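In: after the sequence you'll find the predicted model.
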Amino acid sequence: MAVEQGRTETASSPDGVLAGLATRTENLSEQAYAYMLLVPAFTVLLLFAFWPLASAIRMSFFADVITGGQLGEFTGLTNYVQLLTNTNALAPAAFVDPSFQTPILEQALFMTILFAVLSVTGETLLGFLYAMLMKAEYRGRRLVRLLIILPWAIPIVIQGMIFFLLFRPGYGLLTEPLQQLGLFSSLPLNTTFDSFVIVTVADIWKTSAFMALLILAGLESVNQDLYEVADVMGASRWQRFRYITFPLVFPVLMVAMLFRTMGALRVYGIIESTTVGCSTVPSMTCLVTQFMFGSASLYGSAAAVSVLIAIVVGLFIMVYLGFIRRSNQSLGLA
C-alpha cells in the first residue's frame, strides 16, 4: 500500500510528469515527434488562414443579394465569369479614366501588379544600399541606422497624411515645384498617374527599411574569411560583391522580396491614406472594398475577387520558391 502511494505521489509530481513525457517521447519516432511539434502551428494556420480562405471560396459560389441577406442562391462560377467578362450589372463604376475602355478587373489587376513590381524593385535596390550602409564601420553609424529604420516605424496613416500634405493642391510643399517642371498636374492627388507615383514612392520610402533589415541579416551571415581570401587574391570590390556577397545573400534576398511582394499585392491602406481614395489608384483590394461597401453590398462578387487575389499571390509565391530552390541548389544547400 505504501509502495503504491509512493508511485502515485511520484507520478503526480512535476518531475514525475516530465519523466513520463520524456519516456513517451522516446517511444515516438523522429518523424512522429516532428509532426507532434508542428500540430500547434498547423492549428493556428488552419484557424487564421485556411478557414477564412475556405469561407471566401464558399461565398464566391453564391449570388449577390442587395437586400434581405448577405448571400443568395448557389450559382457556381457565375461571379467569376461576370468578373472576367465584365458583365456584372451591379459592379462599381470604372476606377480610372473611362477613356481607357478596360474592364474594372483588368484595371485593378494591372495597377496592382505594376505597383508590386515597381515598389518591390525600388525597395530591394534601396534596401540593399541601406543594408550596406548599416553594416559598414564608420563614425555615426548608429544615427544612420536610426534614420533608416525610422520610416518603417511610422504608422501608415501618419505616413499617408505626410505625403497627402506634401502634394495637397494649393499649399503642398511639392505640388507647385513639380507642376512648374511639368512632372505633375495641378491636382496630383486626383490624377491616376500622379497618385500612382506618389503612392509608389511613399511605399518605397516606408518599407525599404524592412528590406534593409532582412538583407543586413544575410550580410552578417556571410563568412568574413571569404573576403580575406578575396583580398589576398587581389579581387576588386565589384568582384567581391558579384562572386561572394550577392550569391550568398541571394536566398535571403528572395525571402525578403517574397514577403514584400505579398504585401504589395494586397495594397490598400497607403492608397486610402495618401490619395483621395481608390477612385484614383485602383487595386485588387480596392475592388473588394468597392464591392463590399459600395452602393450595394455584393458579398459574392467581393469574395470572388478575394479568391482571385489569393491565386495571384500564390502564383508569385511559386515563382519565388522556384528561385529560392535554384539558389540553394547552386550553393549546395539543397
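Out: Perfect, thanks for sending it. Numbering: from 1, shown residues only.
In: name the element the closest residue to residue 275 other than its chain neighbours belongs to?
Out: Of all residues not flanking residue 275 in the chain, residue 195 sits nearest, at 4.3 Å (C-beta to C-beta, 6 or more residues apart in numbering). (Glycine included, C-beta is placed from N, CA and C.) Per DSSP states H and E, residue 195 falls inside helix 192-220.
In: following that helix, which helix or strand shows up next?
Out: Helix 192-220 is succeeded, C-terminally, by helix 224-232 (DSSP H and E).
In: which elements pack onto that next one?
Out: helix 237-240 (3 or more C-beta pairs under 8 Å, 6 or more residues apart in numbering; DSSP states H and E).
In: pLDDT averaged over the helix it packs on, what's the number?
Out: Summarised as a single mean, pLDDT over helix 237-240 is 86.
In: chain center to that helix: distance?
Out: 32 Å (C-alpha atoms, centre = their mean, to the nearest Å).
In: hey, C-alpha coordinates of the very next helix or strand once past that helix in PDB?
Out: For helix 237-240, the following helix or strand on the C-terminal side (DSSP H and E) is helix 246-264. C-alpha atoms of helix 246-264 as PDB (Å, rounded to 0.1, in the frame of the first residue of the first chain):
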ATOM      1  CA  PHE A 246      25.400  38.700 -53.800                       C
ATOM      2  CA  PRO A 247      25.300  34.800 -54.300                       C
ATOM      3  CA  LEU A 248      25.400  34.200 -50.600                       C
ATOM      4  CA  VAL A 249      22.800  36.800 -49.800                       C
ATOM      5  CA  PHE A 250      20.500  35.900 -52.700                       C
ATOM      6  CA  PRO A 251      18.400  33.300 -50.800                       C
ATOM      7  CA  VAL A 252      17.700  35.800 -48.000                       C
ATOM      8  CA  LEU A 253      17.000  38.500 -50.700                       C
ATOM      9  CA  MET A 254      14.400  36.200 -52.300                       C
ATOM     10  CA  VAL A 255      12.700  35.600 -49.000                       C
ATOM     11  CA  ALA A 256      12.600  39.400 -48.300                       C
ATOM     12  CA  MET A 257      11.200  40.100 -51.800                       C
ATOM     13  CA  LEU A 258       8.600  37.300 -51.300                       C
ATOM     14  CA  PHE A 259       7.300  38.900 -48.100                       C
ATOM     15  CA  ARG A 260       7.200  42.400 -49.700                       C
ATOM     16  CA  THR A 261       5.500  41.100 -52.800                       C
ATOM     17  CA  MET A 262       2.800  39.500 -50.800                       C
ATOM     18  CA  GLY A 263       2.200  42.800 -49.000                       C
ATOM     19  CA  ALA A 264       2.400  44.900 -52.200                       C
END
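In: what is the orientation angle of helix 246-264 with helix 224-232?
Out: Interaxial angle, helix 246-264 versus helix 224-232 (axes from the mean of the first three to the mean of the last three C-alpha atoms, to 10 degrees): 130 degrees.
In: what's in contact with helix 246-264?
Out: 115-116, 119-120, 123-124, 127-128, 203, 207, 210-211, 214-215, 217-219, 221-222, 313, 316-317, 320-321, 323-324, 327-328, 330-331, 333 (C-beta atoms under 8 Å, 6 or more residues apart in numbering).
In: tally of neighbours for residue 36?
Out: By other C-beta atoms under 10 Å, the residues close to residue 36 number 11.
In: can you tell me which helix or strand it belongs to?
Out: helix 30-45.
In: how far does that helix sit from its chain's centre?
Out: For helix 30-45, the distance to the chain centre is 26 Å (C-alpha atoms, centre = their mean).
In: how distant is whichever helix or strand comes after that helix from the center of its chain?
Out: Per DSSP H and E, the first helix or strand lying C-terminal to helix 30-45 is helix 51-59. Taking C-alpha atoms, centre = their mean, one finds helix 51-59 lying 20 Å from the centre of the chain it belongs to.
In: below-threshold pLDDT in the protein: ranges please.
Out: 1-29, 66-71, 87-102, 294-296, 331-334 (pLDDT under 70).
In: in stretch 204-217, what's buried?
Out: Within stretch 204-217, the residues that count as buried by 16 or more other C-beta atoms under 10 Å are 204-216.
In: which one of these sits closest to residue 35?
Out: Nearest to residue 35 out of those is residue 214 (C-beta to C-beta; 29.2 Å).
In: how close does the residue nearest to that closest one when sequence neighbours are not counted sit to residue 317?
Out: Using C-beta to C-beta, 6+ apart and skipping the chain neighbours, the partner closest in space to residue 214 is residue 256 (3.9 Å). Separation of residue 256 from residue 317 (C-beta to C-beta, to the nearest Å): 14 Å.
In: the two: which is more packed in?
Out: residue 256 (25 against 13).
In: give me the most central residue, this protein.
Out: Closest to where the C-alpha atoms of the chain average out (C-alpha atoms, centre = their mean) is residue 263, at 1.7 Å.
In: how much space separates that residue from residue 287?
Out: For residue 263, the distance to residue 287 equals 17 Å [C-beta to C-beta].
In: in three-state terms, label residue 73 for me.
Out: Put simply, residue 73 is strand when judged by DSSP: H, G, I helix; E, B strand; the rest coil.
In: give me the number of residues near the closest residue to it other than its chain neighbours?
Out: Excluding its sequence neighbours, the residue lying closest to residue 73 (C-beta to C-beta, 6+ apart) is residue 63, at 5.5 Å. A count of nearby residues for residue 63, using other C-beta under 10 Å, gives 16.
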